[in-house]
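S.K.: Need the 3D shape of this:
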Amino acid sequence: MNRRIKNEAGESIIPKQRNPSVKCAQSGGNGSAVKRTTLHELYEKEGQSPWYDNLCRPVTDLIPLIEKGVRGVTSNPAIFQKAISSSDAYNDQFRELIKSGKDIESAYWELVIKDIQDACKLFEPIYDETDAADGYVSVEVSPRLADDTQGTVEAAKWLHKLVNRPNVYIKIPATAPCIPSIRDTIASGISVNVTLIFSLSRYEAVMDAYLEGLEASGLSDLSRVTSVASFFVSRVDTLIDKMLEKIGTPEALDLRGKAAVAQATLAYQLYQKKFSGPRWEALVKKGAKKQRLLWASTSVKNPAYPDTLYVDPLIGPDTVSTMPDQALLAFIDHGTVSRTIDANVSEAEGVYSALEKLGIDWNQVGDQLEAEGVESFKKSFDSLLSTLNAKANSLKLVSP
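M.R.: Numbering: from 1, shown residues only. Model prediction:
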């Protein structure tokens with residue numbers, strides 16, 4: 001049966017009414033352990049790191065999630081737009097920043113950087129325990145730079161320097177102009193979360209950029225320059241399902257809800273191929289770590305689908321699944337821990353080919369979703385700056 005956990009938008013990340021299966025034991029003075037969850041099993045048994053796709057103040061709200069097994073955090077402009085515009089928790093710092101003469105955009109980055117630094121501190125023990133393999137917190141460069149190669153490199157270096165934490169990932173979109181930005185940022189020794197990947201062809205370019213960046217770095221020890229490739233999932237089904245419904249044949253309708261997982265399964269095959277062989281082995285000798293595949297956009301958009309549809313079938317070693325509240329709570333409650341990512345490769349190939357035969361152009365789908373993703377983040381970014389400007393005016397800190 002498909003059980004669903006319902007939570008209101010903007011609700012605390014730890015619900016007041018917890019499902020009995022996710023309730024943690026209270027830690028007393030004797031240091032009693034917190035109840036283990038499926039998130040712990042996911043990492044320990046199958047080698048997949050569960051991350052949380054959200055960040056807001058107070059950042060200490062992350063502590064119970066870390067106890068439940070969360071091993072990293074991702075953020076994006078939409079997440080910060082929601083966090084800052086819907087909370088008073090940022091007002092005091094914002095007021096001081098404006099009083100000190102900061103403009104609105106500079107103040108925005110100060111608010112974001114504080115959250116990222118505080119979260120990095122919470123996850124640093126995991127980063128240390130895993131020798132820089134896990135425990136990262138991601139922050140994205142301005143979405144206005146998605147078509148600016150050099151501007152993205154400069155922004156990445158600027159953000160990395162300001163955050164000044166070993167376990168920060170600078171997020172760079174996988175747009176065509178930013179593929180060289182990824183290479184150059186990696187080459188400069190900065191760890192990167194490559195975001196907004198929607199197609200296999202673009203994913204291959206992302207992996208090549210990582211390898212080229214490592215090779216160009218000149219570092220003798222590559223163990224601290226790492227990366228994840230954020231491959232988006234649910235949005236693929238949202239778009240392709242609409243295309244299939246327009247086609248309308250029984251064959252087309254039967255493929256609804258299957259495209260995203262099929263493409264992700266094939267992405268893992270590409271990952272295994274790319275990070276093997278002589279070229280990769282030469283980098284391993286210098287301490288290089290694989291650029292892990294990260295499953296993003298894991299919340300279910302269609303309520304008819306199982307609420308763990310984009311988590312359960314994509315479990316495999318050396319991968320990350322970043323989950324917003326809905327997906328995270330659902331997986332803790334009734335997710336299945338089992339290696340599934342390469343259990344149905346031939347089936348995935350069949351779905352991928354069947355969609356092509358129906359006229360679905362995978363690269364075109366990827367291009368459309370990328371453009372929509374970039375535009376969505378730009379809108380969130382611009383909306384937040386407008387909100388902050390209005391907030392500054394309401395606080396009577398900006399002259400009319």
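
S.K.: Secondary structure element holding the residue lying closest to E105 once chain neighbours are set aside?
M.R.: Nearest non-adjacent residue to E105, counting by C-beta to C-beta, 6 or more residues apart in numbering: L385, 6.1 Å away. From N, CA and C alone the C-beta is placed, and that goes for glycine too. Following DSSP states H and E, one finds L385 within helix 362-394.

S.K.: Now that helix: buried residues?
M.R.: Buried residues in helix 362-394, counting neighbours by 16 or more other C-beta atoms under 10 Å, are found at 362, 365-367, 369-370, 373-374, 376-377, 380-381, 384-385, 387-388, 391-392.

S.K.: which secondary structure elements does that helix contact?
M.R.: Helices and strands touching helix 362-394, by 3 or more C-beta pairs under 8 Å, 6 or more residues apart in numbering; DSSP states H and E, are helix 77-85, helix 91-99, helix 104-129, strand 168-173, strand 192-197, helix 200-216, helix 234-247, helix 345-357.

S.K.: Adding mean neighbour count and mean pLDDT, write these out as a markdown table.
M.R.: Output for these, formatted as a markdown table (neighbours: other C-beta atoms under 10 Å; pLDDT from 0 to 100):
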| stretch | mean neighbour count | mean pLDDT |
| --- | --- | --- |
| helix 77-85 | 20 | 92 |
| helix 91-99 | 15 | 93 |
| helix 104-129 | 18 | 97 |
| strand 168-173 | 26 | 98 |
| strand 192-197 | 28 | 98 |
| helix 200-216 | 20 | 98 |
| helix 234-247 | 18 | 98 |
| helix 345-357 | 15 | 98 |
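
S.K.: Out of those, the one nearest A304 is which?
M.R.: Nearest to A304 among the helices and strands packed on helix 362-394 is helix 234-247; the distance by C-beta to C-beta comes to 10.1 Å.

S.K.: show me the contacts for A348.
M.R.: Shown in contact with A348 (C-beta atoms under 8 Å, 6 or more residues apart in numbering): V261, A262, Q263, T265, L266.

S.K.: hmm, back to that, now the helix holding L385: average pLDDT?
M.R.: Averaging pLDDT along helix 362-394 yields 94.

S.K.: Following the chain past the helix or strand harbouring E67, name the next helix or strand.
M.R.: Assessed by DSSP H and E, E67 sits inside helix 62-68. Per DSSP H and E, helix 62-68 leads on to strand 73-74 as the next helix or strand towards the C-terminus.

S.K.: got a list of contacts for that following strand?
M.R.: Here strand 73-74 has contacts from 51-55, 62, 119, 123, 136-138, 171, 193, 230, 294, 296, 322, using C-beta under 8 Å, 6+ apart.

S.K.: what's around L395, how many residues?
M.R.: For L395, the count of nearby residues is 13 (other C-beta atoms under 10 Å).

S.K.: re earlier: can you list the helices and strands packed on helix 362-394 in CSV and add distance to L162?
M.R.: Output for these, formatted as CSV (distance: least, C-beta to C-beta, whole Å):
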stretch, distance to L162
helix 77-85, 15
helix 91-99, 14
helix 104-129, 5
strand 168-173, 10
strand 192-197, 16
helix 200-216, 21
helix 234-247, 30
helix 345-357, 41
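
S.K.: nearest to T185, of the ones you listed?
M.R.: T185 sits nearest to strand 192-197 of all those, at 5.4 Å, using C-beta to C-beta.

S.K.: So which elements touch the closest one?
M.R.: Contact here means 3+ C-beta pairs under 8 Å, 6+ apart; on that basis strand 192-197 packs against strand 168-173, helix 179-187, helix 200-216, strand 227-232, helix 362-394.

S.K.: before we move on, the earlier item: so what's the residue nearest to E105 up against?
M.R.: By C-beta under 8 Å, 6+ apart, the contact list for L385 reads I104, E105, Y108.

S.K.: 10 Å instead?
M.R.: For L385, the contact set (C-beta atoms under 10 Å, 6 or more residues apart in numbering) comprises Q81, D103, I104, E105, A107, Y108.

S.K.: what's the pLDDT at the residue lying closest to S338 once chain neighbours are set aside?
M.R.: Leaving aside its sequence neighbours, S338 sits nearest to I315 (C-beta to C-beta, 6+ apart; 6.4 Å). According to the prediction, I315 has pLDDT 98.

S.K.: I315: neighbour count?
M.R.: I315: 24 neighbours (other C-beta under 10 Å).

S.K.: OK, contacts around the closest residue to F80 other than its chain neighbours?
M.R.: Closest residue to F80 apart from its sequence neighbours, by C-beta to C-beta, 6+ apart: V112 at 5.7 Å. By C-beta under 10 Å, 6+ apart, the contact set of V112 is 55, 75, 77, 79-80, 83-84, 90, 139-140, 159, 162-163, 384.

S.K.: ok, so what distance separates V112 from S394?
M.R.: Separation of V112 from S394 (C-beta to C-beta, to the nearest Å) stands at 21 Å.

S.K.: And A296, by the same measure?
M.R.: Distance, A296 to S394, using C-beta to C-beta: 35 Å.

S.K.: now do T38
M.R.: Applying C-beta to C-beta, the value for T38 to S394 is 44 Å.

S.K.: Kindly report the same for L219.
M.R.: The gap separating L219 from S394 is 49 Å, by C-beta to C-beta.

S.K.: and what of D184?
M.R.: From D184 to S394 the distance is 41 Å (C-beta to C-beta).

S.K.: Repeat that for Y305.
M.R.: 42 Å.

S.K.: same check, this time on G47
M.R.: According to C-beta to C-beta, G47 and S394 sit 49 Å apart.

S.K.: Can you report how many residues lie near V233?
M.R.: V233 has 26 nearby residues by other C-beta under 10 Å.

S.K.: who touches it in this structure?
M.R.: V233 touches 198, 259-261, 263-264, 267, 295-300, 309-311, 313-314, 321, counting by C-beta under 10 Å, 6+ apart.

S.K.: one more time with 7 Å
M.R.: By C-beta atoms under 7 Å, 6 or more residues apart in numbering, V233 lies in contact with A260, A264, W295, A296, S297, T298, Y310.

S.K.: Save those residues as JSON lines, and put in neighbour count and distance to D128 too.
M.R.: JSON lines is the format used below for the contacts of V233 (neighbours: other C-beta atoms under 10 Å; distance: C-beta to C-beta, whole Å):
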{"residue": "A260", "neighbour count": "28", "distance to D128": "35"}
{"residue": "A264", "neighbour count": "23", "distance to D128": "30"}
{"residue": "W295", "neighbour count": "30", "distance to D128": "25"}
{"residue": "A296", "neighbour count": "27", "distance to D128": "25"}
{"residue": "S297", "neighbour count": "24", "distance to D128": "30"}
{"residue": "T298", "neighbour count": "26", "distance to D128": "27"}
{"residue": "Y310", "neighbour count": "28", "distance to D128": "30"}
